[in-house]
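Undergrad: Provide a 3D model corresponding to the input given below.
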Amino acid sequence: MTEQEIRNMQPGPDMDILLEVELFGKIRGGVGRNGLVGDGRYYSYPRLLSRSWEGAGLIVEEMRRRGWNVAILTRADGCGVGFAKDGQQYVADSTSAMHAVAMAALLALRGGEQR
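TA: The predicted model follows:
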């Protein structure tokens, strides 16, 4: 998946599944938008990582556990989020803070365009 494809993703099941796999090490099962994630033995629907405050918190905490610094800037018209580590910084903007957190994390994990 390219950086532009990540930036074009909307919050929802596809982004949640990608985060479960990339960030939390789950295995993808099932097909399409109703995909499941699990540990190879048990599967469930993905958590609402890109669509809830709880999900954004889980993302931030896991990224911090992996050594990433996080900056969140809220504005009247949206939110900017950046993850930085080892001199590399990945930034995403969205009208939704939860979406911006999810997008910035995916960019950082995938080594998207640095700013």
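Undergrad: Only C-alpha atoms from now on, for both contacts and neighbour counts.
TA: Noted.
Undergrad: Next secondary structure element downstream of the one helix or strand residue 18 maps to?
TA: For residue 18, the host element (DSSP states H and E) is helix 13-22. Using DSSP H and E, the next helix or strand after helix 13-22 towards the C-terminus is strand 27-29.
Undergrad: Excluding chain neighbours, give the residue nearest to the spatially most central residue of the chain in space.
TA: Nearest residue to the geometric centre of the chain (C-alpha atoms, centre = their mean): residue 102, 2.7 Å. Counting by C-alpha to C-alpha, 6 or more residues apart in numbering, residue 102 lies nearest to residue 50, which is 5.4 Å off, once chain neighbours are set aside.
Undergrad: same check, this time on residue 55
TA: residue 49 (3.7 Å).
Undergrad: next one: residue 77
TA: residue 95 (6.2 Å).
Undergrad: measure the one you found to residue 42 for me?
TA: 35 Å (C-alpha to C-alpha, to the nearest Å).
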